[in-house]
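>>> Need a 3D model of the following:
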Amino acid sequence: MITFISGGARSGKSSIAETAVLSRTSSPVYIASSRYTDEEMSERIRHHRRTRSARFTTVEAGFHVKEALSGMKEESAGVLDCLTVWLSEALFTEGLDEQKIMKEAALWTDIIEKRRLYIIIVSNDVNEAGLPSGESVRSYVDVLEKLHRFFIQHSENVIQVRAGFPKVWKGEIRR
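Below is the predicted model of the structure:
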C-alpha cells in the first residue's frame, strides 16, 4: 500500500509521514534518497536524523530505492523521503531518461505490492510558482509531475501538506 505526501519545502510533510508510519509499526524503515552532496544538504540530512524517532532503521539508499524496498521485510512499513531528490539523481547523475524513470517507478510499485509493504512516499511540490526557465529545469518538472501522477494513481492515500497542515485528497491519514 502506498501513501503519497507532497508539499512545499519545509512544509512538515516528512514529520507527518513519520508520525503516520509510526502509528502502523514499532520498527519502521526510513529510506533516504538524499546524499551528502554539499554543506546545505548535509545539514538537512543531519536535521532529519536528529528529529527522527530512534525507532526508525535508516537506509541511505540514494538512487537505489528499488534495492532498499526489496530488502525490507514482508508486510513492513516505511517512509521514502524524498522523490524529488531521487529524481535529480536519476536524471542528472544516473542519466536516465523519462521512460527508464517511469519503468523504475513501476518496479517500485510491483515490489511494494508483492511484499505487501506500507510505504509513504514524500515529494516536493515544485510547480506551483509558475513555469520554470531553462530547458533542464522544465524537463525535471515535467518528469516529476508524471511521477506524481503515477504514484497518485497507485496510492490509497494522497495528502498535500501546507504549513504543517495535511489536506487529504484521497483516502485518509492515520496519526
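>>> Just checking, which helix or strand of the protein averages the lowest pLDDT?
Using mean pLDDT, DSSP states H and E, the weakest-scoring helix or strand in the chain turns out to be helix 39-51, at a mean of 67.
>>> so after that helix, what's the next helix or strand?
As assigned by DSSP states H and E, the chain's next helix or strand after helix 39-51 is strand 57-60.
>>> Partner strands of that following strand and their direction?
Neighbouring strands of strand 57-60 in its sheet, by DSSP bridges, are strand 29-32 (parallel).
>>> burial of S88, as a residue count?
S88 is flanked by 19 other residues according to other CB atoms under 10 Å. In short, each C-beta sits where N, CA and C put it, glycine included.
>>> Just the pLDDT for the closest residue to it other than its chain neighbours.
On the basis of CB to CB, 6 or more residues apart in numbering, the spatially nearest residue to S88 that is not a chain neighbour turns out to be Y140, at 7.2 Å. The predicted structure scores Y140 at 88 on the pLDDT scale.
>>> R35 too?
Per-residue pLDDT puts R35 at 66.
>>> circling back: quick one: the residue nearest to S88 is in a helix?
Yes. Going by DSSP: H, G, I helix; E, B strand; the rest coil, the assignment for Y140 places it inside a helix.
>>> correct me, but it touches L91?
Yes. The criterion here is CB atoms under 8 Å, and Y140 meets it with L91 at 6.2 Å.
>>> From T93, how far off is A20?
When CB to CB, to the nearest Å is applied, the distance between A20 and T93 equals 30 Å.
>>> Have a look at the two and say which one is more surrounded.
In terms of neighbours (other CB under 10 Å), A20 is the more surrounded of A20 and T93; the figures are 23 against 12.
>>> May I have the secondary structure class of that one?
On the three-state scheme (three-state DSSP), A20 is labelled helix.
>>> My read is that it contacts I173, right?
Yes. A20 sits in contact with I173 when judged by CB under 8 Å, with a separation of 5.6 Å.
>>> can you give me the strands in the protein?
Assigned by DSSP state E, the chain shows strands spanning 2-7, 29-32, 57-60, 77-81, 118-124, 157-162, 165-170.
>>> Can you tell me how far G164 is from V85?
Counting by CB to CB, the gap between G164 and V85 amounts to 21 Å.
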